[in-house]
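Visitor: Prediction below, plus the sequence it came from.
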Amino acid sequence: MSTASITNSTTTTTVTPTSTRLGMMLTDLRLPTIKRLAGDLCAQSDTQGWPAHRLLEALLEHEINEREARRIDRHRNESGLSPAKRLSSFDFSAVPSVSKAQVMALTEGTEWIDRGANVLLFGPPGVGKSHLVSALGHALIDAGRRVLFTRCSDLVQRLQAARRDLRLPQELAKLDRFDLLILDDLSYVRRDQAETSVLFELISERYERKSLAITANTPFSQWGDVFVEPAMTLAAVDRLVHHSTILEMNVESYRRRAAQAVQVSPTRKVRSTQ
Ligand code: ADP
Ligand code: MG
């Protein structure tokens, strides 16, 4: 085949790097970035007289970088995180009880994830618990970790169905691939859901191995509604808090404050013009 003879030639004939044969080999080896860039980079290498290893390094570096970017994209797509809820859009001054430095430390050093430690966020509705925990999730994905955000009651439903079908262990094992599992709104798990104790099993299963982040608008003292019996509530709380960071967000609802600000500002305007 003519392409092959050109490729094997030791003469200075310019080889088209994106030749059919090379293209096919790169497809076989699943190297799409090198396939896309080979033409340009080989041409650049020829004109600038790069040593062979420089060309090889440049091609591989692009492939590795793009592979990493694709991996992070995949992790973000599977995470169920709301795209807009990032740290950059979170106003820490609205929640003085939460230390920005502490949250940044959680996003920067991820050794707590390796230890399977937890983050628990408490506060009334509208104070930014879901936003902040999502922002933490995004930061961990940026750091190469896998995260799943789910409403706690949805996950309990899913685990209950798995238990009915005798595949609870398999379903719990599937969740193991996530370094951080975010359970949003634990307090909304209904009484009848509590009776199956799947949530307790999930907490026990991940204890000291894989991290959980939980938001709740009720304190531990009211978690009795979420678990079957007091002993189980105690055991669940005990496991969760053993290695955990607790963020108390006891401020007024951000939503309500934002709505009030909108209502107040026209009045101010009127006053100032009087
Ligand atoms: P919670 O989960 O505590 O009920 P949310 O996280 O859903 O509260 O916050 C309610 C709304 O207010 C969301 O749109 C969220 O993005 C916004 N919000 C809350 N707190 C903040 C904050 N500190 N900075 C920016 N936006 C916030
Ligand atoms: Mg919420």
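Guide: Thanks, I have the structure now. Ligands and ions are numbered 1, 2, ... in the order given.
Visitor: Work out the gap between stretch 22-34 and the centre of the chain.
Guide: Centre-to-centre, stretch 22-34 and its host chain are 30 Å apart (C-alpha atoms, centre = their mean, to the nearest Å).
Visitor: Rounded mean pLDDT for it, please.
Guide: The average pLDDT within stretch 22-34 is 95.
Visitor: cool, and stretch 188-202?
Guide: What stretch 188-202 shows for mean pLDDT is 85.
Visitor: What are the buried residues along that stretch?
Guide: Using 16 or more other C-beta atoms under 10 Å as the test for burial, stretch 188-202 gives Tyr188, Val189, Gln193, Ala194, Thr196, Ser197, Val198, Leu199, Phe200, Glu201, Leu202. Every C-beta, even on glycine, is put in place using the N, C-alpha and C of the backbone.
Visitor: How about stretch 115-125?
Guide: Gly116, Ala117, Asn118, Val119, Leu120, Leu121, Phe122, Gly123.
Visitor: if we take those, which one ends up nearest to ligand 1?
Guide: Gly123 (5.7 Å; C-beta to the nearest ligand atom).
Visitor: By mean pLDDT, flag the weakest helix or strand of the chain.
Guide: Every helix and strand of the chain was ranked by mean pLDDT, DSSP states H and E. The lowest is helix 2-8, at a mean of 39.
Visitor: Need the three-state assignment for Ser130.
Guide: Assigned with DSSP: H, G, I helix; E, B strand; the rest coil, Ser130 falls in the helix class.
Visitor: Read off the pLDDT value for it.
Guide: Listed pLDDT for Ser130 reads 98.
Visitor: Could you find the closest non-adjacent residue to Phe178?
Guide: The shortest distance from Phe178 to any non-neighbouring residue, by C-beta to C-beta, 6 or more residues apart in numbering, is to Leu148 (4.4 Å).
Visitor: what packs against the host helix or strand of Asn77?
Guide: Per DSSP states H and E, Asn77 falls inside helix 52-79. Applying 3 or more C-beta pairs under 8 Å, 6 or more residues apart in numbering; DSSP states H and E, one finds that helix 52-79 contacts helix 32-48, helix 129-142, strand 147-151.
Visitor: avg pLDDT for it?
Guide: 97.
Visitor: what about Glu57, distance to ligand 1?
Guide: Note on Glu57: its distance to ligand 1, by C-beta to the nearest ligand atom, to the nearest Å, is 43 Å.
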